[in-house]
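A.B. asks: this one's structure only:
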């Protein structure tokens, strides 16, 4: 985590301009992990500049993967990764540090469960408090042995060369759990399948196909892979992150006279639920024609402009598709709207308890919010006053509080603003550039 940072966000009259969101965090993780398992070299452009994705690269280097970085540009980091093939990772000299990245820990655990050595993965204080039993259970069913601290990190993974193929039904809808099982299943003899009660983001399935793996999409939200399929090195470009773009969707929809144009935005259908909710909250959103074949991920231009902020509800069946965007949707609702969210108990075990921390911050800014065990209800009928808030080391809260602060009567001081660097180091600079 960068040094502690305090940022003061002043009210804005309008937000206008053009933005290219950073490379998608979810896709960046997956491209790097699969490139490490591939035969041959892969070139990845637009790789996320965030600290979480840097953690994935450092863990891979610790496992013997050669990663060359070229000068970055406006699109992000440029990488050349020399793959070691299925089962070809090397035992690390010490513990691997996933930093703040649950994605790194959970998905890499799936890969390490299929390597015949012991590896310890640790992380920062926040990560060490997050639940990992959801991956421990299926990976142990596949033959690995995983030591943990009552289901929480650090994890010590005792892998094996050939895991047992399984048919697994997830307990909690989670793309990271699904990915961990599929990545272990790549190394198994036979077919491994994962069934989910609700569909989650499908970046792993799309990325596997790009690397030459046949993925079966079965009925009932079930996907499967046949083990031992080789991966081929690829040249790939990471699209802009919809979860990062969501902050500008909210900013553009919040203030009268605002219009923000975002280019190169990933428009994967499993990630665009936030657009639907912003529209229900009154935002006017125009989607330019998507390029359908962008390395398996649709990409396009998104323009958002102000519409009077209204009322919306996010129901439990919608939550998996907008779980990362719920804090910024709450921020949008503070600008004169109303938002009720239920079925989002998963927010309790993110980088912070996002329900409690969000409610605390909104109240400190003078807003009204009811807190539920599985969600919250924002009443934006009175303008925020501003004040002092604590992001609780949570990148999405740091940025969400900044979007809420744009409509306050006075300035808002955000403690722990450095957390934004986990996914979007450029965020506060872009925020200032969009002030009309």
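C.D. replies: Structure received. Small disclaimer: the values here were computed from a predicted structure and weren't measured. Numbering: from 1, shown residues only.
A.B. asks: What lies in contact with stretch 312-327?
C.D. replies: For stretch 312-327, contacts defined as CB atoms under 8 Å, 6 or more residues apart in numbering pick out 173, 198-201, 243, 246, 270-271, 273-274, 277, 280-281, 329, 333, 337-344, 346-347, 354, 358, 374-375, 396-397, 399-400. In short, each C-beta sits where N, CA and C put it, glycine included.
A.B. asks: to the chain's geometric centre, what's the distance from that stretch?
C.D. replies: 14 Å (CA atoms, centre = their mean, to the nearest Å).
A.B. asks: which stretches of the stretch 1-150 of the chain form helices?
C.D. replies: 25-37, 51-62, 102-112, 133-141 (DSSP state H, counting those that start in this stretch).
A.B. asks: Over to the stretch 301-436 of the chain?
C.D. replies: Under DSSP H, counting those that start in this stretch, the stretch 301-436 of the chain gives helices at 319-322, 326-333, 354-364, 395-405, 427-433.
A.B. asks: Those helices: which one's closest to residue 306?
C.D. replies: When the helices of the stretch 301-436 of the chain are compared by CB to CB, helix 326-333 sits nearest residue 306, at 11.0 Å.
A.B. asks: Identify each buried residue in that closest one, please.
C.D. replies: Of the residues in helix 326-333, 326, 327, 328, 329, 330, 331, 332, 333 count as buried by neighbour count, 16 or more other CB atoms under 10 Å.
A.B. asks: Let me have those residues in CSV, adding pLDDT as columns.
C.D. replies: Below are the buried residues of helix 326-333 laid out as CSV (pLDDT from 0 to 100):
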residue, pLDDT
326, 98
327, 98
328, 98
329, 98
330, 98
331, 98
332, 98
333, 98
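A.B. asks: Reformat the residues you listed as CSV; add distance to residue 266.
C.D. replies: Listed next are those as CSV, based on distance: CB to CB, whole Å:
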residue, distance to residue 266
326, 19
327, 19
328, 17
329, 18
330, 23
331, 21
332, 20
333, 24
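A.B. asks: so which of these comes closest to residue 163?
C.D. replies: For these, the nearest to residue 163 is residue 326 (34.3 Å; CB to CB).
A.B. asks: What distance do you get for that closest one to residue 265?
C.D. replies: Plainly put, residue 326 is 19 Å away from residue 265 if you go by CB to CB, to the nearest Å.
A.B. asks: now residue 75
C.D. replies: Separation of residue 75 from residue 265 (CB to CB): 13 Å.
A.B. asks: Quick one: work out the angle between the helix or strand where residue 246 lies and helix 395-405.
C.D. replies: Assigned by DSSP states H and E, residue 246 falls within helix 242-254. Inter-element angle recorded for helix 242-254 and helix 395-405: 10 degrees (by axes from the mean of the first three to the mean of the last three CA atoms, to 10 degrees).
A.B. asks: Packing partners of helix 242-254?
C.D. replies: On a contact count with 3 or more CB pairs under 8 Å, 6 or more residues apart in numbering; DSSP states H and E, helix 242-254 meets helix 25-37, strand 259-266, helix 273-280, strand 284-287, strand 299-305, helix 326-333, helix 395-405, helix 427-433.
A.B. asks: For this structure, which residues score under the pLDDT cut-off?
C.D. replies: Under the criterion pLDDT under 70, the flagged ranges of the chain are 1-2, 290, 292-294.
A.B. asks: how does it divide into domains?
C.D. replies: Domain assignment for the chain by automatic domain parsing gives 6-23+239-433, 25-237.
A.B. asks: buried residues in stretch 309-318?
C.D. replies: If you call a residue buried by 16+ other CB under 10 Å, then stretch 309-318 has these buried ones: 309, 310, 312, 314, 318.
A.B. asks: Perfect, that will be all.
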